[in-house]
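[1] here is a sequence together with a model predicted from it:
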Amino acid sequence: MLYLWPQASSMRGMHRRFGVITTAAHRTVPVGIKEGRLWAFDNECFGRPFDYDRWLAHWHRLFPYSKRCLFVVVPDRPFDARTTLALWHHWHHKLRRQLDRFDNLAGVRKPWLGLAFAAQDGQESLPLPPGADWLFLAGSTEWKLSDAAAEVMRRAWAAKMHIHVGRVNSQRRYRHFWQLAQQLGIDIVSCDGTAARYHPRQALRRLTDVLYESGPSGG
């Protein structure tokens, strides 16, 4: 699995399977993106209501680097699958239009510049939106680690969606999802966590160790 790093500083010398996850809070293009790392654009909904103008201003900063963008997360409501599905239907066309303005393969399904649907608690009882390119496994810790969440990932994989897991802050959590992917016969492309925002040196050491442990082709 790739690990998407939430810091905006240089990533020179870091393991090749570190990418970048950015939000409008960065207010600038993270240096790692400029250095050529793969990246994703989150929506800040875990900490604040979605602000489209703020989102759009950051997207305009990012679009020159869009060929290495994996996904953009559509607005969601943490821990609430039904409201998140309604938010998807409200927002995904508007965000897709912005992405397609700078994409010469607009309308072609591909493993970059995709829209990610955030799966929240209760998603196992609801349909996955057919227009989603990625599943972003969000939700509470209890739900994320449950059989219900694993079933949602299986359904997403069967629908040919790429899979990302949020809030992976420890070696234990990384190993859990790496091993789960092998058991389910799916590919989890990437994960991220916020620990690096507060304790970057410790997080980098822990995560680098587990990236090497999982091997050059370890997910």
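    Done, it's in.
[2] so after the helix or strand of the chain with the lowest mean pLDDT, what's the next helix or strand?
    Every helix and strand of the chain was ranked by mean pLDDT, DSSP states H and E. The lowest is helix 195-198, at a mean of 91. The helix or strand immediately downstream of helix 195-198 is helix 200-213, counting by DSSP states H and E.
[3] give me the residues contacting that next one.
    3, 7, 14-15, 17-18, 169-171, 174-175, 193, 195-196, 218 (CB atoms under 8 Å, 6 or more residues apart in numbering). To be clear about C-beta, it is placed using only N, CA and C from the backbone, and glycine gets the same treatment.
[4] residues of it that come out buried?
    Buried residues in helix 200-213, counting neighbours by 16 or more other CB atoms under 10 Å, are found at 203-204, 206-207, 210-211.
[5] just stretch 160-168 next, same as before
    Buried residues in stretch 160-168 (16+ other CB under 10 Å): 161-168.
[6] what of stretch 66-75?
    Neighbour-count burial for stretch 66-75 [16+ other CB under 10 Å]: 66, 69-75.
[7] got a pLDDT number for S214?
    S214 carries a pLDDT value of 82.
[8] touching, it and F177? I think so.
    No - between S214 and F177 there is no contact under CB atoms under 8 Å: 10.5 Å.
[9] in the protein, where is pLDDT below threshold?
    For the chain, the stretches flagged by pLDDT under 70 are 102-111, 215-219.
[10] for this protein, what spans make up the helices?
    31-34, 52-62, 81-100, 141-144, 147-158, 171-184, 195-198, 200-213 (DSSP state H).
[11] which of the residues in the fifth one are buried?
    When burial is assessed from 16+ other CB under 10 Å, helix 147-158 yields the following buried residues: 148-150, 152-153, 155-157.
[12] next: the third one.
    Of the residues in helix 81-100, those with enough neighbours to count as buried (16+ other CB under 10 Å) are 81, 84-85, 87-88, 91-92, 95-96, 98-99.
[13] next, the contact list for the residue lying closest to D187 once chain neighbours are set aside, please.
    Nearest non-adjacent residue to D187, counting by CB to CB, 6 or more residues apart in numbering: A181, 6.4 Å away. With contacts defined as CB under 8 Å, 6+ apart, A181 is in contact with 1, 163, 187-188, 219.
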